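J.: Let me see the structure of the following:
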Amino acid sequence: MNQDISNKSPNSGDNQISTTSLQDKHQKTEAATPEKNTYGQILKSSALIGGSSMINIAIGIARTKAMALLLGPSGVGLIGLYGSITELTQSIAGMGINSSGVRQIAEAVGSGDSDRIARTAKILQRTAIFLGLLGAVFLFGFSTQLSILTFGNDKHASGVALLSIAVFFNLVSAGQGALIQGTRRISDLAKMGILGALFGTLISIPLVYVLHEEGIVPSLILVAAMSLTTSWWYRRKITLQTTSMTAVEVGQEQATLLKLGFAFMSSGLMMSGAAYAVRIIVVRNVGFDAAGLYQSAWALGGLYVGLILQSMGTDFYPRLTAIVNDHNVCNRVVNEQAHVSLLLAGPGVIATLTFAPLVISLFYTSKFEGAVELLRWLCLGMTLRVVSWPMGFIIVAKNAQKLFFFSELAWTIVYLGLAWICVNIYGLNGVGIAFFGSYAFHVLMIYLIVRPLSGFRWSSETLQTSFLFLSLITVVFSSFYILPPLLSIGLGILATLLSSVYSIRALLNLISLDQIPRPVLKLLRWFRLALPSPHESEGLGFIAKTTMVDGRLTSRPLAIITWLIFAFMACTAFFMWVDWHKKTYGWSAGLDYFASLFGAIF
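T.: Numbers count the residues shown, from 1 in each chain. Below you'll find the predicted structure:
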């Protein structure tokens, strides 16, 4: 499942934590009616987190492009390997406190007990510092062994040892970030991420420009330092009352925090460990440059879908935790989250499949064109990830730690096993094939786990949306293997437009128009995708067929767009069959076949 778990929207923005207002707001949200408010809340949080993430992506484009130009595939591969070592160490030493800390702080805030909030925050910060030191010492002590395991020699041992500083900074920063998320100051969290990324980029690029590969490790340390600085800046805005605790109380609180964090640590460790192991498999079987291609495709494959999943972790998890024991409501909310996530992710995935060569060139250089096919396979896996994650949160919300650990372990074993087999058969592209296969397994496994756990079933809306987008993505993906490139790109562009219009119309059907920001609503009206005001609707036949039901938009054009998508898929499938028949039998045999078919029918 590999979820990043965080919390919902920010408080009013006041520097003092208002636990009563947060508790009241939470209770009102749970008491509110279901469907309309839930969809609006999902989209609102997605817009907030997604918007800040888009800025981070823009900053990342500049940083990634600069690193690609300065270092080439081998240098980017080195960055990926160093990053994997850092993430793996943080997963082990961090004990999942960035996720368990969010939950503990959020529960304390929900209780309205200011003393409990202060005690929990104090323990969280002290534990983060302690674990940061522990992780730094561990990495420094085993730097030689990790260098030999990763690179096959000890030449990079000093670089690995220096990464211990970055590990300390990142773990302390994670503790501070958990406090900010737990108090639901998500706007501060968004600003923190943007500023940290911006300052880190402004420092790291000149450093790598001057020192080249020797500047990679110092740049990673400085990026971590910027993250720590910005998290401290926003952490200091939170005013907590002074509290005293005995050693026994400290031990009890830490035990609770770490026990809860162990399951999250297991997930993070297996995810980081799998990424680390896959990079080693690629380096040993394909080559060092291939590790750079894998790193570029992996970063881009999760770019857009990552926005959806991050928004899901920020808003969806705390809401689900509050209602997880009411199975009917829980299952409805999971279906709604899956439905919206697919509508948001589908067009982006299709666009990435279509423009993969352009995306690779934009973010990196022409030297990375070998990552295009791998990127497309990763996109398929990311789509299935969007399907499986909402269900997986049921396991986490119910705190079913054994099931959570089992599901993560099973996915890791399948992924690494497939990676080993597929890389040996298909080379670098085998990593993408393995990732796709592992998430096909993951969707089925998680469904079989949560079915008896909460009685979960996919709703008809979720099944219809899943079938539509998965079919369309499969058709577009297959076209690049069968049809000429220019024709495939043209069909991909058309599929992107159709899916985008479908998603917008479907999302407008789910929420009230008064929940849409005015600038966005004006833009939608300008493109004739939303209902205009009464005096604007004259003469707009396409929109005039739209009606309002309980403040929400319903329309016949959505059904028309659906049929257009199915017609598009049928035509594309026919083109692919004709092209395959031509390559296999030649045109004359194909014409004879059509003639005999025509004669048999008539």
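
J.: I'd like the distance between Phe368 and Gly306.
T.: Shown here: Phe368 relative to Gly306, a distance of 19 Å by CB to CB, to the nearest Å. Using the backbone N, CA and C atoms, a C-beta is placed for each residue, glycine as well.

J.: Comparing those two, which residue is more hemmed in?
T.: Taking neighbours as other CB atoms under 10 Å, Phe368 and Gly306 compare with Phe368 leading, 24 against 18.

J.: so Val387 touches His442, yeah?
T.: No - Val387 is beyond contact range of His442, at 9.1 Å (criterion: CB atoms under 8 Å).

J.: what residue ranges in the stretch 301-450 of the chain are flagged as low confidence?
T.: Scanning the stretch 301-450 of the chain for pLDDT under 70 picks out 311-315, 317-319, 321-322.

J.: quick one, helices of it?
T.: 303-311, 317-323, 327-354, 356-363, 372-397, 401-426, 429-454 (DSSP state H, counting those that start in this stretch).

J.: wait, which of those helices is closest to Gly492?
T.: Gly492 lies closest, by CB to CB, to one member of those: helix 327-354, at 3.0 Å.

J.: Please compute how far the closest one lies from its chain's middle.
T.: The chain centroid and the centroid of helix 327-354 are separated by 12 Å under CA atoms, centre = their mean, to the nearest Å.

J.: Pull out the buried residues from it.
T.: 329-354 (16 or more other CB atoms under 10 Å).

J.: ok, back up a step: can you tell me which of the helices of the stretch 301-450 of the chain is most buried?
T.: Per residue and on average, the most neighbours among those fall to helix 372-397, with a mean of 24 (mean count of other CB atoms under 10 Å).

J.: Can you list the helices and strands that that one packs against?
T.: Counting contacts by 3 or more CB pairs under 8 Å, 6 or more residues apart in numbering; DSSP states H and E, helix 372-397 is packed against helix 288-301, helix 303-311, helix 317-323, helix 327-354, helix 356-363, helix 401-426, helix 429-454, helix 460-482.

J.: Leu179: which of the ones you listed is closest?
T.: Among the helices and strands packed on helix 372-397, the nearest to Leu179 by CB to CB is helix 317-323 (14.9 Å).

J.: As a check, name the ranges of all helices in the stretch 51-200 of the chain.
T.: Under the criterion DSSP H, counting those that start in this stretch, the stretch 51-200 of the chain carries helices at the ranges 97-111, 114-141, 143-151, 157-182, 186-211.

J.: pLDDT averaged over the longest one, what's the number?
T.: Meaning helix 114-141. Mean pLDDT, computed over helix 114-141, is 85.

J.: other SSEs contacting that helix?
T.: Using 3+ CB pairs under 8 Å, 6+ apart, the elements in contact with helix 114-141 are helix 34-94, helix 97-111, helix 157-182, helix 247-285.

J.: starting at the chain centroid, how far to that helix?
T.: The gap between the average C-alpha position of helix 114-141 and the chain average comes to 26 Å, counting by CA atoms, centre = their mean.

J.: want to try a markdown table for the helices and strands packed on helix 114-141, with mean pLDDT and mean neighbour count as columns?
T.: Listed next are these as a markdown table, based on pLDDT from 0 to 100; neighbours: other CB atoms under 10 Å:
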| stretch | mean pLDDT | mean neighbour count |
| --- | --- | --- |
| helix 34-94 | 72 | 20 |
| helix 97-111 | 71 | 24 |
| helix 157-182 | 87 | 24 |
| helix 247-285 | 76 | 18 |
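
J.: can you redo those helices as TSV with distance to Ala299?
T.: What follows is the helices and strands packed on helix 114-141, written out as TSV (distance: least, CB to CB, whole Å):
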stretch	distance to Ala299
helix 34-94	7
helix 97-111	21
helix 157-182	18
helix 247-285	12
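
J.: For Thr150, which of those helices is the nearest?
T.: The closest approach between Thr150 and any of those, judged by CB to CB, belongs to helix 34-94 at 5.7 Å.

J.: re earlier: now the helices of the stretch 51-200 of the chain as JSON lines including distance to Phe467?
T.: Converted to JSON lines, the helices of the stretch 51-200 of the chain look like this (distance: least, CB to CB, whole Å):
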{"stretch": "helix 97-111", "distance to Phe467": "33"}
{"stretch": "helix 114-141", "distance to Phe467": "44"}
{"stretch": "helix 143-151", "distance to Phe467": "42"}
{"stretch": "helix 157-182", "distance to Phe467": "35"}
{"stretch": "helix 186-211", "distance to Phe467": "33"}
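
J.: thinking again about what came up before, just send the helices and strands packed on helix 372-397 back as CSV, with distance to Met265 too.
T.: Shown next, in CSV, are the helices and strands packed on helix 372-397 (distance: least, CB to CB, whole Å):
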stretch, distance to Met265
helix 288-301, 22
helix 303-311, 19
helix 317-323, 17
helix 327-354, 25
helix 356-363, 31
helix 401-426, 10
helix 429-454, 20
helix 460-482, 31
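
J.: now for those, which one comes closest to Gly215?
T.: Judging those by CB to CB, what sits closest to Gly215 is helix 288-301, at 16.6 Å.
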